[in-house]
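J.: I'd like to go over a predicted model; first the sequence, then the structure.
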Amino acid sequence: MPNLVHSLESVVRRKTTRYPLPTTHWRLRRPGFTLIELLVVITIIAILIGAATVSYSNAQKKGRDSKRKADLKTIQQALELYFQENKYYPGGPQWFGWCKPTSHDEFKGVLVPRYINKVPADPLYTGTSKDYYYDYGSSVYKLGAVLENTNDPEYGTYNYSGNCVGAGIPVPDPYNYQLTPP
């Protein structure tokens, strides 16, 4: 019997004794990430943020350009209603060859409230020299806006900076979107 107890003790001793494992074993590695792993993850996150920012910025530009086009169509409809009743477009000798921002009081006084509830203003350039403009000349008009998206298929080069005055301020930049009578 003493041999049996002795053999059982040796079995138990073997099971509870820890043998040294190789240092490459995954249980012996310290928890956490290496510096290289962290740098790779941070680089990937930075690239994703950069791509998302550019995409978001382009989406904002396209959205503002869509609003500009819709606003000019609304103003154009009001001008056509005015023309149907009066047989000429708003303006006259005092406006001939001059550009007026659509936010100008004279322009508002002619169209609001009979033909349009409110004259829309540019979503970004309101009150600046890049606001929408109305250029009257004899029996035609030109409505213009500055689009931000240079890849827009309707993006043009309508440079009226030489003869347009917006609220007394020379217009420094060309308008690149224009509507004329249908």
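T.: Great, that's in hand.
J.: gap between the two ends of stretch 117-128?
T.: Across stretch 117-128, the terminal residues are separated by 22 Å (Cα to Cα, to the nearest Å).
J.: By residue count, which helix of the protein is the longest?
T.: If each helix of the chain is counted by residues according to DSSP state H, the longest one is helix 35-86.
J.: Give the rounded mean pLDDT of it.
T.: Helix 35-86 shows a mean pLDDT of 92.
J.: Report all helices and strands that that helix contacts.
T.: For helix 35-86, the packing partners by 3 or more Cβ pairs under 8 Å, 6 or more residues apart in numbering; DSSP states H and E come out as helix 105-111, strand 140-145, strand 177-179. In short, each C-beta sits where N, CA and C put it, glycine included.
J.: how far off strand 140-145 does that helix point, in degrees?
T.: Using axes from the mean of the first three to the mean of the last three Cα atoms, to 10 degrees, the inter-axis angle of helix 35-86 relative to strand 140-145 is 160 degrees.
J.: Tyr134 and Leu143: what is the separation?
T.: As for Tyr134, its distance to Leu143 is 6 Å (criterion: Cβ to Cβ, to the nearest Å).
J.: These two: who's more crowded?
T.: Tyr134 (26 against 21; other Cβ atoms under 10 Å).
J.: Mind pulling up the pLDDT for Ser10?
T.: Looking at Ser10, its pLDDT is 61.
J.: Please name the residues that touch Val41.
T.: Taking Cβ atoms under 8 Å, 6 or more residues apart in numbering, we find Val41 in contact with Phe33.
J.: any chance of the helices and strands packed on helix 35-86 in TSV, plus mean pLDDT and distance to Leu48?
T.: Formatted as TSV, the entries for the helices and strands packed on helix 35-86 read as follows, by pLDDT from 0 to 100; distance: least, Cβ to Cβ, whole Å:
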stretch	mean pLDDT	distance to Leu48
helix 105-111	75	46
strand 140-145	82	34
strand 177-179	85	33
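J.: Name the stretch among those that sits most buried.
T.: Greatest average neighbour count among the helices and strands packed on helix 35-86 goes to strand 140-145 (a mean of 20), per mean count of other Cβ atoms under 10 Å.
J.: Parallel or antiparallel, which strands does that strand pair with?
T.: Based on DSSP bridges, the pairing partners of strand 140-145 within the sheet are strand 133-137 (antiparallel), strand 177-179 (antiparallel).
J.: Identify whichever of these lies nearest to Glu154.
T.: For Glu154, the closest of the strands paired with strand 140-145 is strand 177-179, at 6.0 Å, according to Cβ to Cβ.
J.: Tell me the spacing between Ile44 and Gly63.
T.: When Cβ to Cβ is applied, the distance between Ile44 and Gly63 equals 29 Å.
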